[in-house]
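Asker: Provided below are the primary sequence and the corresponding predicted coordinates.
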Amino acid sequence: MTTTAATPTTPAVTPGWWAHRFGGMSRTFWILFTGTGLSRLGFFVIPFMTFWLVNDRNLNAGQAAVVMTCFGAGWTLGMPAGGWLADRTGRKGAIIAAGLLSAGAYLLLGAAPTLPWLCAAAVAAGATFDAGRPAVQALMTDTVTPTRQATALGLLYWVMNASRFVSCLIGGLMASHDFRILFIVNATLNVAFAAAVARTVTEPARPRRNDGPVLRTVFADRRMAVFTLVTLVFFTVHTQSVVTLPIIMNQAGVTPIWYGIILAADPLAVAVAQLLLQGQLTSRPAYVVCAAGIATVGVGLAVTGVGQSTAWFLSTTPLWVCGEVAVLAVAPGIVANLAPAHLRGAYFGVWGATLGASALLAPGIAALLINLGGAGLLWACCIAAALCAAAACLRLNHQPEPAMLAAAGNQQKGRLL
């Protein structure tokens, strides 16, 4: 009788906490991750812009809304243009150009002497503010493995929020002394990021194809078109946090320093929650996670918006922040999954344009609804819009993925042959 010795088995290695969240990333990813985090320390210009216009430049609410609408118009155009440039001429060049142009635009905005100049500078600042983000997202996606793309894009969102937390605190202190400091620091950080990318980043070779007009190609993708519309509704609701809430807080007597603390509670909660929950969020159906997050933002913002005290604003902000985490931790991964490799910049640019479009739409919508029925009507409409967008997102979850459609098409061709 012969016996066979048992073959020793190697236990499966489970990635540790750090490796699961940060492992498997490329050198280029870490350069962009670090550079984006440092440059976003100058983000404080954006949330403090309405406060600056009303308090420092003595504009009324209507004039401030006009300037913010001009900023939104530029923002809407800037990200698709940046995405097109990233696909057309290269990711690296698009990032450098966006950083340098943004620095100049913000210096112009801070020095603008009159309302017409403020409007013109706001268009330029909006157009360049996020023009480099599609290129950053596309280059990150280009340089990490497909299984780590969603995690990489989630980490980009995480570091932007960690930096935004610091910048809101710093911005509140700076704004209490001289708002112009905000614009100078923002310009300096943008130039530094552009210089770092120019010296350290090497862009990999990419496939190049001519698919005709880029916008037509992107919107011919029905899933992408619907998800872009859903995202536009989400951001239009979410943008009330920097359009309407500052005015309500100002009327409630919130000072710039406390406003900065309240703003900082948002990205701090986002950074902590995402660090803890990123794995769980990305392991679940992305469209379901997005739908839950969108609904939570609509309801949570309404709860915050009815407040009349600093304590209320501070304590209720985490309600809608939870929804923000759920949406933006997984949404870029959905776009990366939908986008062909040679059009990643365009897809991210068109999707990112919803940020600018929401900044363009939100002030006018808020003013109209408040004039018709007060803040209560605005918050009720925010809830309704968020629930409708969440329902549309859930419908996308029940449609086949592009890869499944391609596989089905190949099987059909095989039968025909």
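Answerer: Everything's here; your move. None of the values given here were measured: they were computed from a predicted structure.

Asker: any low-confidence regions in the protein?
Answerer: The model of the chain has pLDDT under 70 over residues 1-23, 42-45, 47, 168-169, 171-178, 206-213, 260, 263-264, 399-417.

Asker: tell me the contacts of the closest residue to Val191 other than its chain neighbours?
Answerer: Among residues not flanking Val191 along the chain, Ala103 sits closest, at 4.9 Å (CB to CB, 6 or more residues apart in numbering). Quick note: C-beta positions are derived from backbone N, CA and C, even for glycine. Shown in contact with Ala103 (CB atoms under 8 Å, 6 or more residues apart in numbering): Asn186, Ala187, Thr188, Asn190, Val191, Ala194.

Asker: Provide a PyMOL selection command restricted to the buried entries of the residues you listed.
Answerer: Burial among the contacts of Ala103 is assessed by 16 or more other CB atoms under 10 Å; the matching PyMOL selection reads:
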select buried, resi 186+187+188+190+191+194
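
Asker: So which of the contacts of Ala103 belong to helices?
Answerer: When the contacts of Ala103 are checked against helices (DSSP state H), the matches are Asn186, Ala187, Thr188, Asn190, Val191, Ala194.

Asker: tell me which element the residue lying closest to Ala73 once chain neighbours are set aside falls in.
Answerer: Excluding the flanking residues, the one nearest Ala73 by CB to CB, 6+ apart is Leu360, at 5.3 Å. With elements taken from DSSP states H and E, the one containing Leu360 is helix 344-397.

Asker: name the helices or strands packed onto that helix?
Answerer: Using 3 or more CB pairs under 8 Å, 6 or more residues apart in numbering; DSSP states H and E as the contact criterion, the elements in contact with helix 344-397 are helix 61-89, helix 133-143, helix 214-220, helix 222-238, helix 240-243, helix 286-305, helix 310-338.

Asker: where's the nearest residue to Arg133 once chain neighbours are set aside relative to Leu77, distance?
Answerer: Counting by CB to CB, 6+ apart, Arg133 lies nearest to Gly352, which is 5.9 Å off, once chain neighbours are set aside. When distance is defined by CB to CB, to the nearest Å, Gly352 is 11 Å away from Leu77.

Asker: Compare these two (neighbour count), which wins?
Answerer: When Gly352 and Leu77 are compared on other CB atoms under 10 Å, the one with more neighbours turns out to be Gly352, at 27 against 18.

Asker: What separation do you get for that one and Thr147?
Answerer: 24 Å.

Asker: show me what contacts Ala362?
Answerer: For Ala362, the contact set (CB under 8 Å, 6+ apart) comprises Gly72, Thr236, Thr239, Gln240, Val243, Thr244.

Asker: Format those as a markdown table; extra columns: distance to Ala112 and neighbour count.
Answerer: As requested, those are exported to a markdown table (distance: CB to CB, whole Å; neighbours: other CB atoms under 10 Å):
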| residue | distance to Ala112 | neighbour count |
| --- | --- | --- |
| Gly72 | 17 | 25 |
| Thr236 | 26 | 23 |
| Thr239 | 22 | 24 |
| Gln240 | 25 | 27 |
| Val243 | 20 | 25 |
| Thr244 | 24 | 24 |
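
Asker: How about the contacts made by Leu139?
Answerer: Contact analysis of Leu139 by CB under 8 Å, 6+ apart lists Thr28, Leu32, Ala86, Arg91, Lys92, Ile95, Val201, Glu203.

Asker: Next up, identify which helix or strand the nearest residue to Gly110 once chain neighbours are set aside is on.
Answerer: Spatially, and ignoring its direct neighbours in sequence, Gly110 is nearest to Phe183 (3.2 Å; CB to CB, 6+ apart). Assigned by DSSP H and E, Phe183 belongs to helix 180-200.

Asker: which other helices and strands contact that helix?
Answerer: Helices and strands in packing contact with helix 180-200 are listed as helix 27-39, helix 91-111, helix 149-175; criterion 3+ CB pairs under 8 Å, 6+ apart.

Asker: Ok, which of those helices comes nearest Thr143?
Answerer: Checking these against Thr143 by CB to CB gives helix 27-39 as the closest, at 4.4 Å.

Asker: and the helix or strand in which Ala273 is found, which residues are buried?
Answerer: Counting by DSSP H and E, the element that carries Ala273 is helix 256-282. Along helix 256-282, these residues count as buried under the neighbour rule (16+ other CB under 10 Å): 256, 259-274, 278, 281-282.

Asker: can you give me how far it is from the chain middle?
Answerer: Mean-position distance between helix 256-282 and its chain equals 14 Å (CA atoms, centre = their mean, to the nearest Å).

Asker: so what's the residue nearest to Ala86 when sequence neighbours are not counted up against?
Answerer: The shortest distance from Ala86 to any residue that is not its chain neighbour, by CB to CB, 6+ apart, is 3.2 Å, and that residue is Gly345. With contacts defined as CB under 8 Å, 6+ apart, Gly345 is in contact with Gly82, Gly83, Trp84, Leu85, Ala86, Asp87, Arg91, Ala94, Pro134, Ala135, Ala138.

Asker: What of Val270?
Answerer: With contacts defined as CB under 8 Å, 6+ apart, Val270 is in contact with Trp158, Asn161, Val321, Glu324, Val325.

Asker: which of those are buried?
Answerer: Buried residues within the contacts of Val270, defined by neighbour count using 16+ other CB under 10 Å: Trp158, Asn161, Val321, Glu324, Val325.

Asker: Tell me which two of those residues sit farthest apart.
Answerer: Distances among the buried ones among the contacts of Val270 were taken as CB to CB; the most separated pair is Trp158 and Val321, at 13.2 Å.
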